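Q: Structure of the sequence below:
(chains A and B)
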Number of protein chains: 2
Amino acid sequence: MIYDIAINNCLCFVDDSFINANVGIEGNKIKYVGKQNVKGDIEFNEKAVLIPALFNAHTHVAMSLFRGYAEDMPLMKWLKDKIWKVEKKLKPKDIYWGTMLGITEMIKSGIGSFSDLYIYMDEVAKAVGESGIRAVLCYGMADRGEEERAKKELEIGEEFVRKWNNEFNGRVKAIFGPHAPYTCSPEFLKKVRERAKEVKSIVHIHVSETQWEVEEIKKRYGDTPVNMLERIGFLDSDTVIAHAVWLSDEEIKVLKKRNVSVVHCPVSNLKLSSGIARVRDMIKSGINVALGTDGAASNNSYNLFQEMKFTSLLQKIKYMRADAIKSIDVLKMAVKNGYKAYGINGGEIKPEKLADIAIIDVKVANFYPLYSIENSLVYSAYGSEVTHLIIDGKVVMEEREILTFDEEKVFDKVEKIKEKFI
Amino acid sequence: MIYDIAINNCLCFVDDSFINANVGIEGNKIKYVGKQNVKGDIEFNEKAVLIPALFNAHTHVAMSLFRGYAEDMPLMKWLKDKIWKVEKKLKPKDIYWGTMLGITEMIKSGIGSFSDLYIYMDEVAKAVGESGIRAVLCYGMADRGEEERAKKELEIGEEFVRKWNNEFNGRVKAIFGPHAPYTCSPEFLKKVRERAKEVKSIVHIHVSETQWEVEEIKKRYGDTPVNMLERIGFLDSDTVIAHAVWLSDEEIKVLKKRNVSVVHCPVSNLKLSSGIARVRDMIKSGINVALGTDGAASNNSYNLFQEMKFTSLLQKIKYMRADAIKSIDVLKMAVKNGYKAYGINGGEIKPEKLADIAIIDVKVANFYPLYSIENSLVYSAYGSEVTHLIIDGKVVMEEREILTFDEEKVFDKVEKIKEKFI
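A: Next comes the predicted model:
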């Protein structure tokens, strides 16, 4: 048997640990994982580590355009005085190039899938198509309590799902994305929920990012954000909430009961001084917690290796116990739980799973000596150790070089776009 | 004029901001910084960013051997059950290779100087000599209240200073390193202080790393660590204290009054769940705060770009204000304040300063678009963007390749040494 791609002599992430194995890929699926040497049209013999391509489960990729533009400001002031102002200057083509820039950084650091909620999403979808990456995309809807606006926003959101869902051999999954409980009315959220059920779509939303939001929702509806969403029937196993920084014990129970997935964004939560989420408690209670970078303006990187290190270390300081969270659980947040949250058939190096794989060079100073691969990936990796990235069975990056588009051109374009913001 | 090394067309860190300039190096000093094009025996024309080589102001480099060996344990348990046990197995040659491994990672991420407190320091000094890096070295002395031991420890410490200070064209600065107030008696500390004054040496010590330490010192001496050290006359402008996590307002005032320098080690302080230091308050009060990685076992990286991002973000969450600390102040902690703390004539790209310079490639996805270099260095850099490193006027790394030793050999050696720990 000659596979499309054969990878021999690797340490592979299988069943939540690392084993010596060879991997055969056919079409967009992994077809063989085992001890037999495999042959392929493309062959890699890397003596490297293979993990599922990392999944950036919450971001606004085109915000790479604002990376470093406004620093050191609290969330609401940062949004109102800076980000919302420059966002008004954005043209669709800018979103395309900003997305391509973010995709460049993500591919370089091993991210094979991302979930994006933003505006001009057609451009994001096009960039996904051309770059070869996988993505869960939604138009960020906000009615702000206005009936006319609610109608229009839902139309745009639905049109986007109709137009793009399953495009590019299924690499795009288009879903519904109401922005947040403080920008969307309960009536609007209920309507979105209904439509999503009808077309079997996942719903992605920001929830409990800041203390301000919790107080605001209490003031408006007499309830915390999660409890308000539960009351209106919004929460379900097809709901993915981003941030979830400020949760009560009761809210954690509700999220578990409804099988809601949570996306933890540790760097962004620090950068905007939002807080440190109760990841240890969520994991202990059995909630599926994935990892996200959020937009580059509040990060400023699209690098899940960084997010892993921050996740682990912040939990230690939040609970003041160094055993607050295990490396293996943090690794799963980055390489497995995002796929689970969005119902995508990846996140494991196993036959019949999608061939979304990152190859990591461990022959670098920062990985020696190698006692434990999961510890090295979580605590020692910079992200630059990723040499190859396979997405949907295609080699998108080889020896750190992106094969699907010209990154220099992307850099030139964004430097020009920058001019109108400064 | 033909310089030894000429670097043209760079953005240089001069007087705490970045300007377009060309740089000429002669011997081990910077001789020219200005608009004129310069020529040299070696020429770089990089359109890159030039910063002073980063200064890792507190570490135990050879602990790279234990990177990933013991994870997720509190400080005292981690030291007693794990680290102190394997340290007993260490032979001098192991320290040499562990140090070479740590130096490899440091050079790769732009660190040109480090301050090391450990055992078998002759081996560390030899590694510094051979690798071309600069270092402040001290034997970590601890009398543990025993008179005989005190005598022996001071002898080893003094002998080390006599033997190595100013070796390798001054690249080694050998100083005194009493371990900590909880491992050294006040009498011993006073004796070290006197000897250091006599030979005009700097003294480096761990202080107030954990809440446990503060309580322990209070129990023993009825005073907090900084106040106890002040009472015995230990604190002065030639004292450099590592960690300083748990400080009262009064202790911050004492440190400022005595012009003590502090080394902040944010990642280590999280990893061992020690706490988050009051960097904002220390900087506001005018204390010189430098940055350190601590040993790799509690980090697990020797990468000051990571420490910069952690420093900035942790201060935001500690004070719950996103403007807690400015990027430029964080950058200075990494590239300037370490030189100041240890009295080394570097940390600025200026004539007559030591030619210790890192060249950084900003033409990478994670730096686009480039609004502000200091923001990019603090928030967006991985460390792998450093392409060249000049130390003491010599090119130690060119195009990411170390010129002074064979890194593959280092990797092979440490993999063999590892065997006796597992």
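Q: Flag the shaky bits of chain A, pLDDT-wise.
A: Counting by pLDDT under 70, chain A has no low-confidence residues at all.
Q: how does it divide into domains?
A: A:2-52+A:354-369+A:377-402, A:54-341 (automatic domain parsing).
Q: Highest mean neighbour count out of those?
A: domain A:54-341 (a mean of 22; mean count of other C-beta atoms under 10 Å in any protein chain shown). The C-beta positions use only the backbone N, C-alpha and C, and glycine is treated the same way.
Q: returning to what we had before: can you put the domains of chain A in a markdown table and add distance to B:I328?
A: Output for those, formatted as a markdown table (distance: least, C-beta to C-beta, whole Å):
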| stretch | distance to B:I328 |
| --- | --- |
| domain A:2-52+A:354-369+A:377-402 | 23 |
| domain A:54-341 | 10 |
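Q: so which of those domains comes closest to B:D406?
A: Closest approach to B:D406 among the domains of chain A (C-beta to C-beta): domain A:2-52+A:354-369+A:377-402, 12.4 Å.
Q: The closest one near chain B anywhere?
A: Yes. Domain A:2-52+A:354-369+A:377-402 is in contact with chain B by C-beta under 8 Å from any C-beta of the partner chain, via A:363, A:365-366, A:368-369, A:379-380, A:382-384.
Q: and the two most separated of those residues?
A: Between any two of these (C-beta to C-beta), the greatest distance is 20.7 Å, for A:P369 and A:G383.
Q: Now A:I42. Its backbone dihedrals?
A: Main-chain dihedrals, A:I42, degrees, to the nearest 10: phi -110, psi 130.
Q: Quick check: it vs A:V23, distance?
A: 12 Å (C-beta to C-beta, to the nearest Å).
Q: list residues touching both of these two?
A: Both A:I42 and A:V23 are in contact with A:A6, where contact means C-beta atoms under 8 Å, 6 or more residues apart in numbering or on different chains.
Q: for chain A, longest strand please?
A: strand A:2-14 (DSSP state E).
Q: Quick check: next helix or strand after it?
A: strand A:17-26 (DSSP states H and E).
Q: can you list contacts of that following strand?
A: By C-beta under 8 Å, 6+ apart, strand A:17-26 touches A:1, A:3-12, A:14, A:30-38, A:40, A:49-50, A:328, A:349, A:355, A:357, A:373-374, A:390, A:393.
Q: Return the distance of that strand from the chain's centre.
A: Offset of strand A:17-26 from its chain centre (C-alpha atoms, centre = their mean, to the nearest Å): 24 Å.
Q: mind exporting that strand as PDB, just the C-alpha atoms?
A: Taking Å, rounded to 0.1, in the frame of the first residue of the first chain, the C-alpha atoms of strand A:17-26 are listed here in PDB:
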ATOM      1  CA  SER A  17      -0.100   9.700  25.600                       C
ATOM      2  CA  PHE A  18       2.900   9.400  23.300                       C
ATOM      3  CA  ILE A  19       3.900   6.200  21.500                       C
ATOM      4  CA  ASN A  20       6.400   5.300  18.800                       C
ATOM      5  CA  ALA A  21       4.500   4.800  15.600                       C
ATOM      6  CA  ASN A  22       4.300   5.300  11.800                       C
ATOM      7  CA  VAL A  23       1.400   7.100  10.200                       C
ATOM      8  CA  GLY A  24      -0.300   6.600   6.800                       C
ATOM      9  CA  ILE A  25      -2.600   9.300   5.300                       C
ATOM     10  CA  GLU A  26      -5.000   8.800   2.400                       C
END
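Q: Report the inter-axis angle for that strand versus strand A:2-14.
A: The directions of strand A:17-26 and strand A:2-14 differ by 160 degrees, with axes from the mean of the first three to the mean of the last three C-alpha atoms, to 10 degrees as the criterion.
Q: Which helix or strand lies directly C-terminal to strand A:17-26?
A: strand A:29-34.
Q: That following strand to strand A:2-14, inter-axis angle?
A: Using the same axes, to 10 degrees: strand A:29-34 against strand A:2-14 is 70 degrees.
Q: Would you mind pulling up the elements that strand A:29-34 packs against?
A: Contacts defined by 3 or more C-beta pairs under 8 Å, 6 or more residues apart in numbering or on different chains; DSSP states H and E place strand A:29-34 against strand A:2-14, strand A:17-26.
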